[in-house]
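In: Starting from these lines, generate the structure:
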Amino acid sequence: MSRVCIIGAGFGGLALALRLQAAGIETTLVEAGEAPGGRAAQRAIDGMRFDLCPAPLDDPGAVQELWALYGRDVAADVPLLPVAPLWRLNWPDGAQIDWSADSAAMARAVARLAPGDLAGYEQFMAYAAEMRALGVFGLGDRAHTGSGLFTRALPLLLRQQVWRSLHDKAAVLVRSDKLRQALSFRPLLKGGNPLATPALHAATLRAEQERGMWWPQGGAAALARAMAALFVAQGGELRLGDPALRIHVLGNRASEVACASGWRAHFDAVASNADAMHTYRTLLAQTQRGETMARRLARGRWSPGVVAVHFALEGRWPGIPHNMVLFGPRWQDWLADVFDHGVLPRDMVIRLVHPTVTDATLAPPGRSLFSAFVPVANLGRLPIDWDTVGPVLQRRVLEEIGRRLVPDIPDRIVTAFHLTPRDGALAYNAHLGSSAGLEPSLWQSLRLRPRHRDETYRNLYLVGAGTHPGAGFGATLSGARAVAKLIEEDLQG
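Out: Predicted coordinates:
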């Protein structure tokens, strides 16, 4: 029986492990943390469970597919709860729009926000549907190992003008700055600059409306635990709290994985769900390939970091939906500050997650949990003392949320804590504290991202946000599906 080792029990590693184990491949999953999930960790405080990465699922079918491999239903282990509206987008002047899967409701909402732009909105959504079809047909679920996929897709991409940025595409069709922001902000959640991310990413809007958004009861960490438990129940080996130190190679093949505990084992193939730079610079240290790829990756543009402020309030807040984006007074100039200038602007864009409005099990009665995420320049562009700046930014974030949503927030705060890009760099080996690996710009998408199978070590694979198709729950699980198929074919060949 073939043996495969997967480094990193984030969602990409977990999904790949479940697929390989179901295919009859003896799979070992090693994870540095004490619990599975990677960034989807959870912190318990006085009966409250804070998800450190509380992202709703944008592809519930991909989760159910993993359980179906074993003839089971995910709902029996982790109920998936619908999130509605999909988003509430809010601006400093009080304007807002609720994004939903109801096309009639969306038409009314757009007409209220941007009178005269309904036709342009409908054109944009038609384009999003075309991008969605293109992604499913040829770019989302196939292994990314060379130039063939890109070459075949290129004529389609050129016809659809995907060299335009997502924001530029919106700007051509609608006049309202607010509606342009509403149509183009989603790459920001996955480490991308809407002014530079290819219009191909319009597919996300269509996918949201087709599939909805869902919350695993108990949080993302509960889903990660359930995936790990399913993997172990099917005979998989899970090693927690034992960081991988080195991938040993022999000739042109990865041969062994060594961990901090002294554990070391031989495998027929190795897959890394770790940060791509960490994989090449650290796990493949002292190899020519590791040094070459580390230099190449270092020349790339890495996505911003994120400051996360997690807090609990007394009371219930049914008027604040699960997902919100609080836009600031600037958009294009603010994006330039974060992505290009490397400064920390006074204004901010806040993604606010309110999980207890959907899942009351996360906190005791009468308390509500929130997580606010603010993109900031990564450590390479903004090398500041986060121990000093972090508390200041936490205070500013809470003040802004108080000003716009909860006027008496200082009197209602039960607890609050924050995490910075420096924490991400230390906890997850994230290069430059980046939240999503390489920025998904035009020149770092598709074949220009690190490939699923290494070009030198032909039994070494990458999975997760660092490779194709990129960051985000649905993208990560799609990539795991493609890598699993590739590994199976390679081992059989």
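In: tell me the domain ranges of the chain?
Out: Using automatic domain parsing, the domains assigned to the chain come out as 3-40+61-71+217-300+440-492, 100-209, 304-428.
In: For Pro92, find the nearest of these.
Out: domain 304-428 (5.4 Å; C-beta to C-beta). The way it works is simple: take the backbone N, C-alpha and C, and place the C-beta from them, glycine included.
In: how long is the closest one end to end?
Out: 15 Å (C-alpha to C-alpha, to the nearest Å).
In: Kindly report the same for stretch 69-83.
Out: Taking C-alpha to C-alpha as the measure, stretch 69-83 stretches 26 Å from start to finish.
In: now do stretch 463-482
Out: End-to-end distance (C-alpha to C-alpha), stretch 463-482: 9 Å.
In: What average pLDDT does that stretch get?
Out: Here stretch 463-482 scores 85 as its mean pLDDT.
In: Could you do stretch 183-200 as well?
Out: On average, stretch 183-200 scores 91.
In: what about dumping the CA coordinates of that stretch to PDB?
Out: C-alpha atoms of stretch 183-200 as PDB (Å, rounded to 0.1, in the frame of the first residue of the first chain):
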ATOM      1  CA  LEU A 183     -19.100  44.500  -6.700                       C
ATOM      2  CA  SER A 184     -15.400  44.300  -6.300                       C
ATOM      3  CA  PHE A 185     -14.500  44.000  -2.600                       C
ATOM      4  CA  ARG A 186     -14.500  40.200  -2.300                       C
ATOM      5  CA  PRO A 187     -10.800  39.700  -3.400                       C
ATOM      6  CA  LEU A 188      -9.800  41.800  -0.400                       C
ATOM      7  CA  LEU A 189     -11.100  39.000   1.800                       C
ATOM      8  CA  LYS A 190      -8.600  36.600   0.100                       C
ATOM      9  CA  GLY A 191      -5.600  38.800   0.100                       C
ATOM     10  CA  GLY A 192      -6.200  40.500  -3.200                       C
ATOM     11  CA  ASN A 193      -6.300  44.100  -4.300                       C
ATOM     12  CA  PRO A 194      -9.600  44.700  -6.100                       C
ATOM     13  CA  LEU A 195      -7.700  47.200  -8.300                       C
ATOM     14  CA  ALA A 196      -5.300  44.500  -9.500                       C
ATOM     15  CA  THR A 197      -7.200  41.200  -9.100                       C
ATOM     16  CA  PRO A 198      -8.300  39.800 -12.400                       C
ATOM     17  CA  ALA A 199     -11.900  40.100 -13.400                       C
ATOM     18  CA  LEU A 200     -12.000  36.300 -13.400                       C
END
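In: quick one: it to chain centroid distance?
Out: Chain-centre distance of stretch 183-200: 13 Å, with C-alpha atoms, centre = their mean, to the nearest Å.
In: May I see the buried residues of that stretch?
Out: Across stretch 183-200, burial judged by 16 or more other C-beta atoms under 10 Å covers 183-200.
In: Any idea how far whichever strand or helix holds Leu134 is from the middle of the chain?
Out: Secondary structure assignment for Leu134, by DSSP states H and E: helix 118-134. Here the centre of helix 118-134 is set off from its chain's centre by 23 Å, with C-alpha atoms, centre = their mean.
In: Look at Leu352 and say how many residues are nearby.
Out: 23 (other C-beta atoms under 10 Å).
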